[in-house]
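Undergrad: Build me a model:
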Amino acid sequence: MEMNKLHGRLCISNLENVDTKEEANQAMLNNKKCPNELRFKWIFDMHAQLGIDVPDADVLDALQPHPNHKDLKVITYGGVKYPSWLNKTSLPKLKSMFLGNCKSLEQLPSLGHWPSLKYLKFGCVNAVRQVGLNFYGTPTISSFPVLEHLSCWNMPEWDDRSSTDARQLFPCVLDLYVKDYPKLRRLPCIPFSLVKLRLSKVG
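TA: Down below sits the predicted model:
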């Protein structure tokens, strides 16, 4: 099979064994089109446990996917910032995103104006305290215009007291799941489109 014409699901795991950006660059993912699902997975944050200063951010930054990708999962990523390619210009067709167990990530990526994003899940992103315009995007434009399913859980430090109207943030959301937000004291106004709401261990 020609490696630049991959299909189905591609999982790149054990990324804790990649020590340099140059090593990650050898994958040349930007030239490979295009599995339906792309998954980046660290089994554990080995570098942090060993006290080695090898930023996962450099490795992930070098693994820029092809712009036609529609489903992206990032699991057990140890960087404090998201990669530079995680934006609507680099991945304009992305429909589904999952960020899981990214315990050092201090800011969620800017996702509010992605034109095709319908499914968003993030959990165990422990270092995030608040989200704002960086996540939602410009307030004069409707954020998450086509998002239908939003799930977020285990965000122990999130203390977002924003009064932003969710009817403008998530105008098409159908399903909202929020769990394990002990510091969350309020939710924004519920959008009219919402069909299913699940709250557990909130505030």
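
Undergrad: Find the helix or strand that K73 is a member of.
TA: According to DSSP states H and E, K73 maps onto strand 71-75.

Undergrad: Next, the buried residues of that strand.
TA: By 16 or more other Cβ atoms under 10 Å, the buried positions in strand 71-75 come out as D71, L72, K73, V74, I75. No exception for glycine: its C-beta is placed from N, CA and C like everyone else's.

Undergrad: okay, among the residues you listed, which ones form the most distant pair?
TA: D71 and I75 (13.3 Å; Cβ to Cβ).

Undergrad: Next SSE downstream of the worst-scoring helix or strand of the chain on mean pLDDT?
TA: Ranking every helix and strand in the chain by mean pLDDT, DSSP states H and E puts helix 46-50 at the bottom, with a mean of 57. Moving toward the C-terminus from helix 46-50, the next helix or strand (DSSP H and E) is helix 56-61.

Undergrad: Run the chain-centre distance for that next one.
TA: Averaging C-alpha positions (Cα atoms, centre = their mean, to the nearest Å) puts helix 56-61 15 Å from its chain's average.

Undergrad: what packs against it?
TA: helix 21-25 (3 or more Cβ pairs under 8 Å, 6 or more residues apart in numbering; DSSP states H and E).

Undergrad: which residues make contact with the helix it packs on from outside it?
TA: Helix 21-25 is contacted by residues V18, D58, V59, L60, D61, A62, L63 when judged by Cβ atoms under 8 Å, 6 or more residues apart in numbering.

Undergrad: Select only the buried ones of those in PyMOL?
TA: To isolate the buried subset of the contacts of helix 21-25 in PyMOL, counting by 16+ other Cβ under 10 Å, use the following:
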select buried, resi 18+58+59+60+61+62+63
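
Undergrad: Quick check: the two most widely separated of the contacts of helix 21-25?
TA: Of all pairs in these, the most separated under Cβ to Cβ is V18 and D61 at 11.8 Å.

Undergrad: ok, back up a step: direction included, what does the strand holding K73 pair up with?
TA: strand 37-41 (parallel), strand 96-100 (parallel) (DSSP bridges).

Undergrad: residues making contact with it?
TA: 36-42, 60, 65, 91, 94-102.

Undergrad: Need the residue closest to the centroid of the protein.
TA: The centroid of the chain falls nearest to L99 when counting by Cα atoms, centre = their mean (4.1 Å).
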